[in-house]
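Undergrad: with the sequence up front, the predicted model follows.
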Amino acid sequence: MTTSTVRVARGPLHAARIGWERGKLEIREFLRQRESVVFTLLFPIILLLFFTQIIKYNIPGGISFAQYFVPGILAVGLFGASFQTLAIQISIEREKGILKRLEGTPMPPSSYFIGKIIMVFTIVILETAVLLGVSAALGKVSLPSDAGKWLTWLWVTVLGVAAGSVLGMAFSSLARSGKAAPAVVTPVALVLQFISGVYFVFSQSPTWLQISASIFPLRWIAQGYRSVFLPDSYAQQEVAGNWEHGRIALVLAAWAIGGLLLTLRTFRWRNGKDA
Amino acid sequence: MSSLTGTTELLGSGKLCGMTNDSAIRVRGLRKAYGDRVAVESLDLDVARGECFALLGPNGAGKTTTVEILEGYRPRTAGEVSVLGLDPAKATRDWRARVGIVLQGTGEFETVTVREVITHFAKYYPVARDPEEVIESVGLKEKADARASTLSGGQRRRLDVGLGMIGRPELFFLDEPTTGFDPEARQEFWELIRGLSEEGTTILLTTHYLYEAEALAHRVGVIAQGRMLEVATPATLGGRAEAATVVSWDGPNGRETRSTNTPTAEVVKLAEQFGGEVPGLTVARPTLEDIYLAMISEVSA
């Protein structure tokens, strides 16, 4: 046979290159869905303005409630863009046959996941830039000037996006149809938001709730972001009495690796009998 | 086995110039069951390299199940399957690069343009076609910068065909490719498929349109209730070549018809009877559709 000489490119570099191409296509698709862009980028601002208008907590230590609240909103935004968006979007793509079409091509399967993570990372960066830009311009929030704090923001964001994204990918296989996905995903996300101390001071919630929340990544993302946007004196108010950077990195990395393994083992490219 | 003779005839006829004589698709005793429900049973199929083969059959006959087993999407219950020398249940990325697929469903792209999607998919393949040429050959040149959501049903289908051929496949599967095409688009599509076939691409298509199978396929196979009823050339399917011709005309007491194997003699005789023109004369051989419908109704009876 003269035709069996076809060899596709292999290896992590090729997968990354195709993943980058997929990421660009995904970002383009996201940016063209005007409603979802506006909603995704404006929702955190609305949340911040709304909460700071109607709730007048006194935060001990002298910072404004908005300042205290920003890390929580950023954490919710990150988790929404990664876990919620992917769990729902991938279920819908599976139902519409997008995944089936890709499965029939020589695209490396990992490129699909890489593309999704690139898209999520871009959305999180946009969301963060818009929220911090607007709230700083309104004088509600002061941004850290110390490079070390921004470095912390970067690694918390990278690990948080990785953990939230692979969890969303794994979770997408739970919904039997694209229509059912929001119903399966939204309650999980809402419960996590409420127990993870993004809407109140985490160390003030009951111990059993703290322990439950500590299993999941959102609590740690929020705590990591607090260490960026709150003065270091606030570390004492955390459960452990410090920012626990090592533990944050460990928990998020564990979720990222565990979620990746789970996704690789359970990911379905199709619904139905022969999936 | 009729399918084997069909292949031999085709190879002998010189239609497959430059092709090696190994088969692109070889299926023996294929069976697919979902619990008690049998979707495909004892199915044999041979498609030669370079051949264009059409699978015909009513909805639910097992066409898509068979094709999706050949495409590597579905596992089989029993039987031997070899597609381009490999068991599709163990499809590799190298194999995927040699196979083009147009699935039945369509229309999942929305905000991306025709050019963006086709250019993107070209990057998956080691020896892709030029995206601009593909866009032109599927007739979407004027729509190249249109978002997929604005395309008509037929245009979306052409985008599917473009994505299926972008990787320069050796074997092209098309599952009901012309659904939603207007007659003009259908003619253009046929030209495209003939062109691919002339380049040596092996084609397996399913269709509901008998005239489409007749226009494109070297051979057709009829599936009903999960079984292959017959494989033959469109001209000989179901004894079509030997089937009686029906001569009809307007007689003094209304419409008359006569089945005959000597239609010319029959017409001469009628002309003598009428002393010239025979009123309302038609001479018809059974169409592929007539033969097909007779085969299908025999099975379901």
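TA: Looks like it came in fine.

Undergrad: how far does the lowest-mean-pLDDT helix or strand in chain A sit from its chain's centre?
TA: Among the helical and strand segments of chain A, the one scoring lowest on mean pLDDT, DSSP states H and E is helix A:34-54, with a mean of 85. Helix A:34-54 has its C-alpha centroid displaced from the chain centroid by 17 Å (Cα atoms, centre = their mean, to the nearest Å).

Undergrad: just the C-alpha atoms of that helix, please, in PDB.
TA: What follows is helix A:34-54, C-alpha atoms only, in PDB (Å, rounded to 0.1, in the frame of the first residue of the first chain):
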ATOM      1  CA  ARG A  34     -22.300  39.800  23.000                       C
ATOM      2  CA  GLU A  35     -24.800  38.900  25.700                       C
ATOM      3  CA  SER A  36     -22.500  36.500  27.500                       C
ATOM      4  CA  VAL A  37     -19.600  38.900  27.200                       C
ATOM      5  CA  VAL A  38     -21.600  41.700  28.800                       C
ATOM      6  CA  PHE A  39     -23.100  39.500  31.500                       C
ATOM      7  CA  THR A  40     -19.800  37.800  32.300                       C
ATOM      8  CA  LEU A  41     -17.900  41.100  32.600                       C
ATOM      9  CA  LEU A  42     -20.600  43.200  34.200                       C
ATOM     10  CA  PHE A  43     -21.900  40.800  36.700                       C
ATOM     11  CA  PRO A  44     -19.000  41.100  39.100                       C
ATOM     12  CA  ILE A  45     -19.300  44.900  39.000                       C
ATOM     13  CA  ILE A  46     -23.000  44.800  39.700                       C
ATOM     14  CA  LEU A  47     -22.400  42.400  42.500                       C
ATOM     15  CA  LEU A  48     -19.800  44.700  44.000                       C
ATOM     16  CA  LEU A  49     -21.800  47.900  43.700                       C
ATOM     17  CA  PHE A  50     -25.000  46.200  44.900                       C
ATOM     18  CA  PHE A  51     -23.500  44.600  47.900                       C
ATOM     19  CA  THR A  52     -21.600  47.600  49.000                       C
ATOM     20  CA  GLN A  53     -24.700  49.800  48.700                       C
ATOM     21  CA  ILE A  54     -27.100  47.700  50.700                       C
END
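
Undergrad: is chain B within reach of it?
TA: No - on the criterion Cβ under 8 Å from any Cβ of the partner chain, helix A:34-54 is out of touch with chain B, staying 9.6 Å away. For the C-beta atoms, the positions are set from N, CA and C on the backbone; glycine is no exception.

Undergrad: which residues of the chain score low on pLDDT?
TA: Just going to use chain A. A:1-4 (pLDDT under 70).

Undergrad: I was after chain B.
TA: Looking at chain B by pLDDT under 70, you get B:1-21, B:106-107.

Undergrad: which residues of the stretch 151-275 of chain A lie near chain B?
TA: Going by Cβ under 8 Å from any Cβ, the residues of the stretch 151-275 of chain A near chain B are A:Arg270, A:Lys273, A:Asp274.

Undergrad: are any of those residues buried, and if so which?
TA: The neighbour-count test (16 or more other Cβ atoms under 10 Å in any protein chain shown) marks none of those as buried.

Undergrad: pick the one among the residues you listed closest to A:Leu86.
TA: The nearest member of these to A:Leu86, counting by Cβ to Cβ, is A:Arg270 at 17.6 Å.

Undergrad: if I look at that closest one, how far off is A:Trp208?
TA: Separation of A:Arg270 from A:Trp208 (Cβ to Cβ, to the nearest Å) stands at 41 Å.

Undergrad: do the same with A:Val141
TA: Relative to A:Trp208, and taking Cβ to Cβ, A:Val141 is found at 32 Å.

Undergrad: what residues does the stretch 1-150 of chain B put near chain A?
TA: Within the stretch 1-150 of chain B, the positions lying close to chain A (Cβ under 8 Å from any Cβ) are B:20, B:22, B:34, B:68, B:71-75, B:84-85, B:93-94, B:96-99, B:101, B:103, B:105, B:108, B:110-112, B:116, B:120-121, B:123-127, B:147.

Undergrad: sec struct for the closest residue to chain B within the stretch 151-275 of chain A, please.
TA: Nearest to chain B, among the residues of the stretch 151-275 of chain A, is A:Asp274, at 4.2 Å (Cβ to the nearest Cβ). Per DSSP: H, G, I helix; E, B strand; the rest coil, the secondary structure class of A:Asp274 is coil.

Undergrad: wouldn't it be in contact with B:Pro75 here?
TA: Yes - the pair A:Asp274 / B:Pro75 is scored as a contact, 6.4 Å apart, by Cβ atoms under 8 Å.

Undergrad: what kind of secondary structure is B:Pro169 in?
TA: On the three-state scheme (three-state DSSP), B:Pro169 is labelled coil.

Undergrad: residues in contact with the residue nearest to it when sequence neighbours are not counted?
TA: Distance criterion Cβ to Cβ, 6 or more residues apart in numbering or on different chains; nearest residue to B:Pro169, sequence neighbours excluded, is B:Gly100 at 3.2 Å. Residues near B:Gly100 by Cβ atoms under 8 Å, 6 or more residues apart in numbering or on different chains: B:Gly164, B:Met165, B:Ile166, B:Gly167, B:Pro169, B:Leu171, B:Phe172, B:Phe173.

Undergrad: one more time with 6 Å, if that's ok
TA: Listed by Cβ atoms under 6 Å, 6 or more residues apart in numbering or on different chains, the contact set of B:Gly100 reads B:Gly164, B:Met165, B:Pro169, B:Phe172.

Undergrad: may I see the buried residues of the helix or strand containing the first one?
TA: Just to be clear, that refers to B:Gly164. According to DSSP states H and E, B:Gly164 maps onto helix B:153-165. Buried residues in helix B:153-165, counted by 16+ other Cβ under 10 Å: B:Gly154, B:Gln155, B:Arg156, B:Arg157, B:Arg158, B:Leu159, B:Asp160, B:Val161, B:Gly162, B:Leu163, B:Gly164, B:Met165.

Undergrad: and that helix, how far out from the chain middle?
TA: With Cα atoms, centre = their mean, you get 16 Å for helix B:153-165.

Undergrad: could you identify the helix or strand that succeeds that helix?
TA: According to DSSP H and E, the helix or strand after helix B:153-165 is strand B:171-175.

Undergrad: and the helices in the chain?
TA: In the absence of a named chain, this looks at chain A. Residue ranges of the helices in chain A, as given by DSSP state H, are A:11-32, A:34-54, A:65-79, A:85-96, A:98-103, A:109-137, A:147-172, A:181-195, A:207-215, A:217-229, A:245-266.

Undergrad: think we crossed wires, I meant chain B
TA: Under DSSP H, chain B gives helices at B:2-12, B:63-70, B:93-98, B:114-122, B:131-137, B:153-165, B:183-198, B:210-216, B:263-274, B:288-300.

Undergrad: restrict stretch B:217-230 to CA atoms and write it as PDB.
TA: Extracted in PDB, the C-alpha atoms of stretch B:217-230 (Å, rounded to 0.1, in the frame of the first residue of the first chain):
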ATOM      1  CA  ALA B 217     -22.400   5.200  -7.300                       C
ATOM      2  CA  HIS B 218     -20.500   2.500  -9.100                       C
ATOM      3  CA  ARG B 219     -22.400   0.000  -7.000                       C
ATOM      4  CA  VAL B 220     -25.300   0.200  -4.500                       C
ATOM      5  CA  GLY B 221     -26.200  -1.900  -1.500                       C
ATOM      6  CA  VAL B 222     -29.700  -2.100  -0.200                       C
ATOM      7  CA  ILE B 223     -30.100  -2.600   3.600                       C
ATOM      8  CA  ALA B 224     -33.400  -3.400   5.300                       C
ATOM      9  CA  GLN B 225     -34.000  -4.500   8.800                       C
ATOM     10  CA  GLY B 226     -30.300  -4.700   9.500                       C
ATOM     11  CA  ARG B 227     -29.500  -7.000   6.600                       C
ATOM     12  CA  MET B 228     -27.900  -6.400   3.200                       C
ATOM     13  CA  LEU B 229     -30.500  -7.500   0.700                       C
ATOM     14  CA  GLU B 230     -28.400  -7.100  -2.400                       C
END
